[in-house]
Structures are given as structure tokens and as C-alpha cells.
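Trainee: with the input below, show me the fold.
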Amino acid sequence: MADPRFYEYRGPLTIEEIVRLSSCEAPPSVQLAEVVRDVASLDAASAEHLSYCERPTYRAALANTQARAVFVSAALRPAVPDGTIALVTRMPQFAFCLVASALYPDAANMIVGDRGQLSAISKSARLGPDACVMPGAFIGPDVEIGARSVIGPNAVLGRGVRIGQDCRIGASATIICALIGDHVTIKPGARVGCDGFGFTPSPSGLTKVPQLGRVIIQDHVEIGANSCIDRGALGDTVIGEGTKIDNLVQIAHNVSVGRYSIFASQVGISGSARIGDQVVLGGKVGVADHMQIGHKSQVAAKAGVSHSLPGGEAYGGYPARPIRQWRREVASLSRLAKRRKFDDEREP
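Mentor: Modelled structure (predicted):
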């Protein structure tokens, strides 16, 4: 279930309500009064969950899911395991979004405080000893701020956010749907926990995919000015202990970053990427979705990671490859270009 500190739950739903909401086709033998309590990904679902499978590439995950019901296309219906209800639709992800939005209607328009909150600091917020909230900051309901932490001017902490001890939250930073460890620095203008960039085709165009996860930031992390870390779609976005993130970095939903990694300015990491421990990403490195970068990798500036990297060495270029190989290729192209120029000049 989505963290109740951040999301208001409106479930459960019966199979009959799900069929009516999504216009899907249920098996004739299904018990329409059966209840589904929540949504989850195929691999995380249990017997009370609804999930979906959009692409044949996830057929193996579909075959092993423990979900009670799953939205699938007609082509994938044979892969649904015994004990799981196959709900057939032409647009499985869109149908899933409709149900998720019914269970968590506020997820698409996250409200940082209570609608009736008039004061800058909610009455239900809890501040530790010597914690400091600067003028103009907004502290939502049930926020916890640890001892000696400082919240800068005009910063916004949404409902349920937890800030550890000895943290520094910069001016005009925004933190929602997030749990922050101790000794964390978040510089001015950073955005932590905003909804990820997720849309799916629908009969009317594009529909927003509800983002129901959190951001988990472990101890001794630093996040640069105007960097953005999106919350997870169904799971969490995690930033490991001791990681340092420069200004203007984008980290998408469901990304996992290991411990003591360093990201230079304008790095962009797409959704569900997995970054190991002690990884260094140079400026403007781009990482494609679902890629994995192994421990102790070093990726040169402006490289593009379009396939997973095993780690333990330096990489460069596009697509990123071992940096010695990339340098040899660049040198070979340079020599080839010079030879062609020399041949052209010799022609009468």
C-alpha cells in the first residue's frame, strides 16, 4: 500500500467495480464481489493486489506474479498464472491508471498541507530540540523535523515528510513524499518528491500515470541547487548514504543510487535505473531507463549510457564503452579524416 503519511486511501474495490471503471473483460467464472485492496507492480504484488502487463518483454514477470488480478491484452492472457484473474483490455496500463486513481485520487494533484491550514507551521508538525524554521517556510501536517535541523526561507515541506537530525534545507526548496536521513544538505531550489514523468496513451490522448511511491534519502547526502529527484511510481526512489549530487541534476522515478556516488552538473538519469556504490558520473551524462551501472564505475562527461555497464572501470562516448576503446576509436577516426583530406588535396 502507498504510504498513508502521504496518500489518502479510498479502497478497497470489488472486481465488479474495477470492471465497470475500466471497461475490461473479466472471466465468466470470476466472483464479482471479490475484493482487491491495492495496486502493485507484477513482482511486488501479493494476493490482495491488482497489477498490469503491457508488453511481451515482461511475460516472465507476469507468469510469476502473485497478484490477485492483472490487466492484460488478449495476446498475453495465456501467460497469466493460475490463481490470478485475467482482466482483458486493449490498454492495460490505462486501465491500471484508472483504478489507481480511484484508490488514491489525490496522487495526481499532491496537496502539501491541509486545505484549512492557515498558519505556516501546521499544529501537528513536530520539531526536535534546537530545530529552526526560517521566515516564509511552509511546514505541512504531521511533518517531523529532527534536532538542530534548519529549514530555509520559503522552503516547503509537504505533509508527512520526515527530516532527520542536523539537516540543512535551503531556501525555496520543496520536499514532498520523502523521508530524509541525518546530516543531509538540500540546497536552494531543489525539488524532492515531485511526481515522476509518466504518461500512457488513452482514448482521449495521454493520461498521467499516478505516482504512488516515495523518495528515501539516506544519511550524509548532499543535493545541489535546482536539482530534481522524482518520487517512485509504485516503489521508492532511493539515494544511498554519502552520495553527493551537483546542481541541475535530474533523477527520475524509481531510480536507485548506491552509497558514496558523485554526480556532476546536468546529469540525467531515467526511470528505474540502478546505480551502484562509488559511481562517478561526469557532467551531462545521460542514463537510459532500466539501465544498471556497476560499482566503482566512472563515466566521462557527455557520455550516453544506453546499455548496462558492469562497473569497475572508466567509460566514455555514446554509446558508453570502456574509455580506452572509445579513445582508440576517436583517434582512428581522426587519422582517417586527415588521410581523406590529404588524398583530396592531391587530386588534380
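
Trainee: by mean pLDDT, point me to the weakest helix or strand of the chain.
Mentor: Within the chain, no helix or strand scores below helix 323-346, which has a mean of 80 by mean pLDDT, DSSP states H and E.

Trainee: SS state for the residue sitting nearest the centre point of the chain?
Mentor: The centroid of the chain falls nearest to His253 when counting by Cα atoms, centre = their mean (1.2 Å). On the three-state scheme (DSSP: H, G, I helix; E, B strand; the rest coil), His253 is labelled coil.

Trainee: contacting residues around it?
Mentor: His253 is in contact with 195-198, 211, 213, 230-233, 237, 271-272, counting by Cβ atoms under 8 Å, 6 or more residues apart in numbering. The way it works is simple: take the backbone N, C-alpha and C, and place the C-beta from them, glycine included.

Trainee: scan those residues and report the most crowded one.
Mentor: Counting neighbours by other Cβ atoms under 10 Å, Thr237 comes out on top of these with 30 neighbours.

Trainee: secondary structure element for it?
Mentor: strand 236-239 (DSSP states H and E).

Trainee: partner strands of that strand, parallel or antiparallel?
Mentor: Paired strands of strand 236-239, with direction, are strand 214-217 (parallel), strand 256-257 (parallel) (DSSP bridges).

Trainee: can you give me the helices in this structure?
Mentor: In the chain, the helices defined using DSSP state H lie at 15-22, 59-64, 92-103, 323-346.

Trainee: excluding its backbone neighbours, what's nearest Ser19?
Mentor: Just to correct that, residue 19 is Val rather than Ser. Ala26 (5.2 Å; Cβ to Cβ, 6 or more residues apart in numbering).

Trainee: count the residues that sit near the one you found.
Mentor: 18.

Trainee: OK, contacts around it?
Mentor: Going by Cβ under 8 Å, 6+ apart, the list of residues near Ala26 reads Ile15, Val19, Leu32, Ile85, Leu87.

Trainee: how many residues are close by the third one?
Mentor: So the one you mean is Leu32. 12.

Trainee: quick check: it touching Ile15?
Mentor: Yes - using Cβ atoms under 8 Å, Leu32 is in contact with Ile15, at 5.1 Å.

Trainee: sorry, back to before: just send the strands paired with strand 236-239 back as a markdown table, with mean pLDDT and mean neighbour count too.
Mentor: Putting the strands paired with strand 236-239 into a markdown table (pLDDT from 0 to 100; neighbours: other Cβ atoms under 10 Å) gives the following:
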| stretch | mean pLDDT | mean neighbour count |
| --- | --- | --- |
| strand 214-217 | 98 | 24 |
| strand 256-257 | 98 | 23 |
